[in-house]
Each structure stands twice: as C-alpha cells, then as structure tokens.
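Chemist: Have a look at this fold, sequence not included:
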Ligand SMILES: [Zn+2]
C-alpha cells in the first residue's frame with residue numbers, strides 16, 4: 001500500500017512499502033499570504049489501484065529519492081515497426097511544450113520577463129519558439145502538443161499535461177539587471193538523472209547555437225516541473241536574458257536559433 005509523506009518542501013506519494021516517491025507536489029508560499037505555506041493535493045492520488053493508506057509528517061529527515069522507473073523492453077519476438085520515411089527519427093514520440101507565462105492572475109495577464117526599450121516580452125517570444133520547435137519535431141515524425149498560455153491554468157495543471165509524453169519542455173527567457181546574459185536549463189530539484197540528461201542535451205545544443213555564456217544545467221524546485229507526472233522527463237529552458245538583448249534583430253535571431261537548438265536537443269535525447 002502506498003503512503004503519503006509531508007516534509008518541509010513537499011508532499012510525496014510514496015511507493016508501496018518503500019522509501020522512494022512516485023509523485024510529489026511542492027509546498028509553496030501564497031502570494032496573498034506570504035506567511036503561510038500552501039499545498040494542493042491532487043485528487044487522482046486517491047483513485048486507482050494503489051491509494052495511500054497512511055500519512056507521515058516528517059519535517060526533520062532528508063527529502064526522499066524518486067523511485068527508479070523500470071522501462072519495459074519489447075519482447076525479442078515482437079516485430080519492431082520502422083518508419084519508412086527517411087530521416088523521421090521521432091515517429092511515435094510525443095512531446096509537450098509549455099511556452100511560459102500568460103496566466104491570468106487577478107485579472108492581469110502575466111507577460112513574464114520584459115525588455116522595456118524594445119517593447120517585447122518573454123510570453124510572446126517563447127510562444128514563437130514553441131511553434132518553431134513543434135514544426136521541426138513534427139518534420140521528424142513526432143507528435144507535439146503546445147500547452148497554450150493565456151488560459152489561466154495553474155503551474156501544476158500545466159505540468160500535468162505532460163502525462164504520457166516522452167518529454168516535457170517548458171520554455172522561458174530570463175531577466176536580471178540588463179547586463180547579465182547566458183543560457184541555462186533546469187531540471188527539478190528532485191528530478192531524475194534522465195531529466196538531467198535531457199537538460200544537458202538541450203543546453204549543449206544552445207551552447208553551439210548562441211553566442212552567449214553557457215550558464216549550465218541547474219536544479220530548482222520549479223512549480224511547473226513539479227506538476228509533470230513521473231516518469232516523464234521534464235526540463236525548463238531559459239534560452240537567454242531578454243532584458244539585455246540590444247535590438248529587435250538580435251532578439252528575433254536568438255529566439256529563432258534557440259528554438260532550433262532546443263528541438264535539436266530533444267531530438268538528440270529521444271532519437
Ligand atoms: Zn519565465
């Protein structure tokens with residue numbers, strides 16, 4: 001029987017009679033009441049074959065590791081169908097893209113990071129990236145779903161749309177002090193080595209495509225990645241710092257080049 005474990009960071013759905021977790025949701029602070037922590041418990045944890053039978057509140061010990069996921073290998077006698085179209089290396093693969101921001105919060109549409117002098121924002125640029133990435137991956141035979149922004153979904157709901165995918169990629173641009181620049185790719189704090197492999201493939205491709213600092217692969221407790229059900233590999237890409245891009249031509253070039261690189265990274269991971 002599975003069980004629940006509450007720590008300072010997260011509520012975990014723990015595997016049956018084990019000390020590793022199958023799913024988790026992060027405890028987060030509330031915007032309206034910063035002094036409080038909030039927790040949303042997915043109702044689907046309480047349906048299906050293995051519902052939790054008990055809960056342990058454990059605020060002292062370390063966060064648990066994710067349960068290793070065994071990938072079923074096809075039986076040797078099963079004929080493997082090979083795509084007949086040359087170059088279509090991603091036939092049968094399903095990718096979910098999440099262009100970040102656009103959530104309506106208190107009646108305000110969140111533009112994400114902005115470049116005020118250029119009048120451009122992260123929300124619109126990453127939405128363009130999603131279309132470029134989708135076209136490139138579909139040309140290789142993949143099925144790509146874009147989680148539309150501007151729909152008012154919570155980060156957890158957006159992440160949950162990764163259910164059943166071969167990978168989930170959240171698209172973002174950074175901003176800091178109008179001079180910092182570089183690309184970085186995040187796996188979740190509690191992400192698996194497979195998440196890090198996907199992040200590394202994408203970050204390596206960005207490093208080849210963009211003339212900016214390689215800030216590397218990092219881990220963070222990002223809400224949208226928390227919502228992606230295991231074992232779906234999930235990462236969040238920060239292609240560049242939009243606030244220090246000098247002009248529209250560079251912005252268009254980097255948006256485009258980064259999108260192509262992200263698609264290449266996904267291809268290298270899945271092919
Ligand atoms: Zn963002």
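Modeler: All right, it came through fine. In this text, all values refer to a predicted model and were calculated from it rather than measured experimentally. Residues are numbered from 1 along each chain as shown.
Chemist: Would you mind listing what in the protein touches the ion?
Modeler: 100, 112, 172 (Cβ under 5 Å from the ion). From N, CA and C alone the C-beta is placed, and that goes for glycine too.
Chemist: Return the closest of these with respect to the ion.
Modeler: residue 172 (3.4 Å; Cβ to the ion).
Chemist: what about the residue lying closest to residue 218 once chain neighbours are set aside, neighbour count?
Modeler: Closest residue to residue 218 apart from its sequence neighbours, by Cβ to Cβ, 6 or more residues apart in numbering: residue 186 at 5.3 Å. A count of neighbours around residue 186, defined by other Cβ atoms under 10 Å, yields 23.
Chemist: Next: residue 266.
Modeler: Residues near residue 266, counting by other Cβ under 10 Å, number 29.
Chemist: pLDDT averaged over the helix or strand it falls within - what is it?
Modeler: Assigned by DSSP states H and E, residue 266 falls within helix 248-270. Average pLDDT, helix 248-270: 98.
Chemist: Can you mark which positions in that helix are buried?
Modeler: By 16 or more other Cβ atoms under 10 Å, the buried positions in helix 248-270 come out as 251, 254-255, 257-270.
Chemist: and the helix or strand hosting the residue nearest to residue 218, which strands flank it?
Modeler: Assigned by DSSP H and E, residue 186 falls within strand 183-188. Sheet pairing of strand 183-188 (DSSP bridges) gives strand 214-220 (parallel), strand 234-241 (antiparallel).
Chemist: Please work out which of these is packed deepest.
Modeler: Stretch with highest mean neighbour count among these: strand 234-241 (a mean of 27; mean count of other Cβ atoms under 10 Å).
Chemist: Bridged to the residue nearest the centre of the chain, which residues?
Modeler: Closest residue to the average C-alpha location of the chain: residue 235 at 3.7 Å, with Cα atoms, centre = their mean. Listed beta-bridge partners, residue 235: residue 169 (assigned using DSSP bridges).
Chemist: what's the helix holding residue 266 packed up against?
Modeler: Other helices and strands packing on helix 248-270, by 3 or more Cβ pairs under 8 Å, 6 or more residues apart in numbering; DSSP states H and E, are helix 122-139, strand 167-174, helix 193-209, strand 234-241.
Chemist: TSV for the ones you listed, including mean pLDDT?
Modeler: Formatted as TSV, these follow (pLDDT from 0 to 100):
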stretch	mean pLDDT
helix 122-139	97
strand 167-174	98
helix 193-209	98
strand 234-241	98
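Chemist: Would you reformat the ones you listed as TSV and include distance to residue 20?
Modeler: Below are the helices and strands packed on helix 248-270 laid out as TSV (distance: least, Cβ to Cβ, whole Å):
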stretch	distance to residue 20
helix 122-139	32
strand 167-174	21
helix 193-209	14
strand 234-241	18
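Chemist: How is the chain divided into domains?
Modeler: Domain ranges of the chain: 3-57, 94-270, per automatic domain parsing.
Chemist: deepest of those, which one?
Modeler: Counting by mean count of other Cβ under 10 Å, domain 94-270 has the highest mean neighbour count of the domains of the chain, with a mean of 20.
Chemist: Good, we can wrap up now.
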